[in-house]
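J.: A predicted structure for the sequence below; I have some questions about it.
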Amino acid sequence: MAKKCDICGKGPMFGNNVSHANNKTRRRFNPNLQSVRVQLPAGGVGRKKVCTRCIKSGKIVKAVHAA
């Protein structure tokens, strides 16, 4: 399962853990992905993995829960 946003394509970034002794080991910064029920353009409802920035900016339309 890819750690990638289905809307904007944001994926993991890479950097270093830096210790107090200045030792460097590689690390990975993962995007904050949430599994969201989304209203699809074709009229249906589906689940997508979406980053929180896309949710906040309104790039998706959340599906209403049928009660």
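T.: Looks like it arrived, so ask away. Numbers count the residues shown, from 1 in each chain.

J.: my read: R53 touches C8, true?
T.: Yes: taking contacts as CB atoms under 8 Å, R53 lies within contact range of C8: 7.4 Å. Quick note: C-beta positions are derived from backbone N, CA and C, even for glycine.

J.: now I60: closest residue in space, sequence neighbours ignored.
T.: V38 (5.2 Å; CB to CB, 6 or more residues apart in numbering).

J.: tell me, how many residues neighbour the one you found?
T.: Using other CB atoms under 10 Å, V38 has 19 other residues around it.

J.: which other helices and strands contact whichever strand or helix holds it?
T.: Using DSSP states H and E, V38 maps to strand 33-39. In terms of contacts (3 or more CB pairs under 8 Å, 6 or more residues apart in numbering; DSSP states H and E), strand 33-39 is packed against strand 45-51, helix 52-57.

J.: export those to TSV and tack on mean neighbour count, distance to P12 and mean pLDDT?
T.: Converted to TSV, the helices and strands packed on strand 33-39 look like this (neighbours: other CB atoms under 10 Å; distance: least, CB to CB, whole Å; pLDDT from 0 to 100):
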stretch	mean neighbour count	distance to P12	mean pLDDT
strand 45-51	16	11	95
helix 52-57	14	15	96
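
J.: the residue nearest to I60 against I55, yeah?
T.: No: applying CB under 8 Å as the test, V38 and I55 come out as separate, 9.9 Å apart.

J.: where in this structure is pLDDT low?
T.: Applying pLDDT under 70 to the chain flags residues 1, 67.

J.: how about it, which residue sits the furthest from its center?
T.: A21 (33.3 Å; CA atoms, centre = their mean).

J.: grab the nearest non-local neighbour of C54.
T.: Excluding its sequence neighbours, the residue lying closest to C54 (CB to CB, 6+ apart) is I7, at 4.4 Å.
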